[in-house]
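Peer 1: Predicted model and sequence follow; I will ask about them next.
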Amino acid sequence: MSKAINTGKYIAHPFIAPDESYLIWDAEKEGENTPDIYISFRQKDGSWGAAINIWEIR
């Protein structure tokens, strides 16, 4: 996985959508004390987009 996804001191519980359009996982990023849930969307070129903290989507 690229650094867009594979970053942090704890990464676990990945789930990829059946159509492979998105990937969800939980991770504890450097400098944080608790894990958050992240999502990445498949890009048109087949790569994964930047990790988005779902608690920041509003």
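Peer 2: That came through, no problem. None of these values were measured; they are calculated from a predicted model. Residues are numbered from 1 along each chain as shown.
Peer 1: hey, let's count contacts and neighbours off CA atoms from now on
Peer 2: Will do.
Peer 1: From residue 38, how far out is residue 57?
Peer 2: 10 Å (CA to CA, to the nearest Å).
Peer 1: neighbour count winner among those two?
Peer 2: residue 38 (20 against 6; other CA atoms under 10 Å).
Peer 1: May I have the residues that are in contact with the residue nearest to residue 27 when sequence neighbours are not counted?
Peer 2: Spatial nearest neighbour of residue 27, chain neighbours left out: residue 11 (4.3 Å); criterion: CA to CA, 6 or more residues apart in numbering. Applying CA atoms under 8 Å, 6 or more residues apart in numbering, we find residue 11 in contact with 25-28.
Peer 1: Point out where the chain drops to low pLDDT.
Peer 2: 1-8 (pLDDT under 70).
Peer 1: All the strands of it, residue numbers only.
Peer 2: In the chain, the strands defined using DSSP state E lie at 10-16, 22-28, 36-41, 52-53.
Peer 1: from the chain's centre, how far out does the shortest one sit?
Peer 2: Translated: strand 52-53. 7 Å (CA atoms, centre = their mean, to the nearest Å).
Peer 1: which neighbours does it have in its sheet, and in what orientation?
Peer 2: Paired neighbours of strand 52-53 in the sheet (DSSP bridges): strand 36-41 (antiparallel).
Peer 1: hmm, who's touching the partner strand?
Peer 2: By CA under 8 Å, 6+ apart, the list of residues contacting strand 36-41 reads 5, 21-28, 48-55.
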